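[1] Sequence and predicted structure below; questions after.
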Amino acid sequence: MTILRPMIDSIQTQRVVESWLKDLSENSKTSYLEALAEFCIVNDTNPAEMLNKIYQEEEERLPAWNRSINTWFEDYDEYCKEKERSKSTRDIRRTIVNAFIGFHGMPQYSQRGRRRKVEGLKEPKIRVNLTKEDICQMLEVCRTFKMKAVILAQASSGLAGSDLLNLKILHFKEGIKEVYDDNGDLRRICQLSLERKKTHVKFTTFFNEEAVRAIERYLEFEREDIKSDDALFSRYKSGGDHMTPMAIQQSYRDINKFLNWEPDEDGFYRATSHMLRKFFNTQLINAGMAEEIREHMMGHKFKDRVRDAYYLADPDDLRKTYMRYIDYLNVKSSPINYSVDEIRELQQLVAGMKKELKELKGEIRGAYFFLIENI
């Protein structure tokens, strides 16, 4: 990023770049600028010059093998090989640059010799998924109720860090529902209907019982003067704005440090916000949840636009489906659940035992005084 900074500062004020980045989220702008800046550095050019060159060569009807755009992308491929980039990283950054070119109506790069196998790019490293045991270890080293609540909330909902931090107290309190599962057991969950910050997709997801209990414990012991419009995971005990993304990242780094979990060779840590989101997705895939429902709960757009247009998610149906899979998302061993009728029966039994105990104490007291009087 430090190497790219001068180029980013230089190109981000160009009109062709400003118009391309307009209305994008800050995170998207950052990744797009980094990809475009690196491409320009490798090819000793800038975005405006690139577009002018492509337009000029298109007007001159130069053959493909003489066009600069092909040379640029081929040189960038070699650069990625030297840097030991993975194919997926290379492809993503090439796609961003190609999108910039296409945005301005210029012919985009199309790889020649499609059947030729690309050699020299690093194979992508598959990150090891978090297990329930891993998450239990994370919870054990947490120093605050807040971080425990964050972990369980992400694990049970699949929420991205930015979406989790945007939650208000009102979202949580209004989302609390007591519902019966398929076994007739009463479960207390939180239903959230949100719009994902990154994709602007509207979706519904849920916190399970573990997350609800953890959040309530955090609110009880680590928050003061709670207001409905305050952030659920606030920066300060007194509420107000949410904690920063950097703060939550640092909290996860601390957890990795306490557990002696070193980053892998690509610099990725084991315990991260992203990996908890991945835990949610993986658990539901392995449990056999329908793809459309799972993708909706993740806030993803469907790749198939027809399916995206015709799939209408009903929150009540989603809740029923979530309840069928909720135990796959419970991190700790589930406590014994009792039905309402069983709970009432137990309460009546306890009340009866208390009454009998009171009567027995009365009899013992009476016997005691009887003995005192007759000795």
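    Structure received.
[2] quick one: residue 192 is in a strand?
    Yes. Read with DSSP: H, G, I helix; E, B strand; the rest coil, residue 192 is one of the residues of a strand.
[3] dump the residue contacts of it.
    Listed by Cβ atoms under 8 Å, 6 or more residues apart in numbering, the contact set of residue 192 reads 157, 159, 167, 171, 175, 204-207. C-beta here means a position set from N, CA and C on the backbone, and glycine is covered the same way.
[4] Check what pLDDT it gets.
    Listed pLDDT for residue 192 reads 96.
[5] who does it bridge with?
    For residue 192, the beta-bridge partners are residue 205 (DSSP bridges).
[6] any idea how far residue 64 is from it?
    Going from residue 192 to residue 64 by Cβ to Cβ, to the nearest Å gives 51 Å.
[7] and the closest residue to residue 40 other than its chain neighbours, what pLDDT?
    Of all residues beyond its chain neighbours, the one nearest residue 40 is residue 46 (5.4 Å), with distances taken as Cβ to Cβ, 6 or more residues apart in numbering. What the model reports for residue 46 is a pLDDT of 96.
[8] Backbone dihedrals for residue 46, both of them.
    Main-chain torsions, residue 46, degrees, to the nearest 10: phi -140, psi 170.
[9] Surely it and residue 10 touch.
    Yes. Assessed by Cβ atoms under 8 Å, residue 46 is found in contact with residue 10 at 6.9 Å.
[10] Who has more neighbours out of the two?
    residue 46 (19 against 14; other Cβ atoms under 10 Å).
[11] list the contacts for the more buried one?
    When the contact criterion is Cβ under 8 Å, 6+ apart, the partners of residue 46 are 10-11, 14, 40.
[12] Please report the distance of it from residue 6.
    Taking Cβ to Cβ, one finds residue 46 at 12 Å from residue 6.
[13] repeat for residue 253
    28 Å.
[14] who's more crowded, those two?
    The neighbour comparison of residue 253 against residue 6 (other Cβ under 10 Å) goes to residue 253, with 15 against 11.
[15] which residues does the more buried one contact?
    Residue 253 is in contact with residue 269, counting by Cβ under 8 Å, 6+ apart.
[16] taking the mean pLDDT, what do you get for the helix or strand where it lies?
    For residue 253, the element it lies in under DSSP states H and E is helix 245-258. The average pLDDT for helix 245-258 rounds to 93.
[17] Buried residues of that helix, list them for me.
    248, 251-252, 255-256 (16 or more other Cβ atoms under 10 Å).
[18] buried residues in the next helix or strand after it?
    For helix 245-258, the following helix or strand on the C-terminal side (DSSP H and E) is helix 273-287. Across helix 273-287, burial judged by 16+ other Cβ under 10 Å covers 273, 275-281, 283-284.
[19] The helix holding residue 253 to helix 273-287, inter-axis angle?
    Orientation note: helix 245-258 sits at an angle of 70 degrees relative to helix 273-287 (axes from the mean of the first three to the mean of the last three Cα atoms, to 10 degrees).
[20] now helix 245-258, how far from the chain's geometric center?
    15 Å (Cα atoms, centre = their mean, to the nearest Å).
[21] Over to stretch 63-71?
    With Cα atoms, centre = their mean, you get 41 Å for stretch 63-71.
[22] what's the span of that stretch, first residue to last?
    13 Å (Cα to Cα, to the nearest Å).
[23] who touches the closest residue in space to residue 111 that isn't next to it in sequence in this structure?
    Leaving aside its sequence neighbours, residue 111 sits nearest to residue 73 (Cβ to Cβ, 6+ apart; 7.6 Å). By Cβ under 8 Å, 6+ apart, the residues touching residue 73 are 94, 97, 109, 111.
[24] Could you tell me which ranges of the chain sit under the pLDDT cut-off?
    Applying pLDDT under 70 to the chain flags the ranges 1-2, 112-126, 266, 303-312, 333-347, 370, 374-375.
[25] To which secondary structure element is residue 133 assigned?
    Element membership of residue 133, judged by DSSP H and E, is helix 132-141.
[26] Could you list the domains of the protein?
    The chain breaks down by automatic domain parsing into domains covering 5-103, 132-329, 348-375.
[27] Please identify the deepest-packed of these.
    With neighbours defined as mean count of other Cβ atoms under 10 Å, those peak in mean count at domain 132-329, which reaches a mean of 17.
[28] any idea how far residue 96 is from residue 102?
    Using Cβ to Cβ, residue 102 is found at 11 Å from residue 96.
[29] Now do the residue most central in space within the chain against residue 288, distance only.
    Centroid check for the chain by Cα atoms, centre = their mean gives residue 160 as the closest residue, at 2.3 Å. Noted for residue 160: a distance of 24 Å to residue 288, by Cβ to Cβ.
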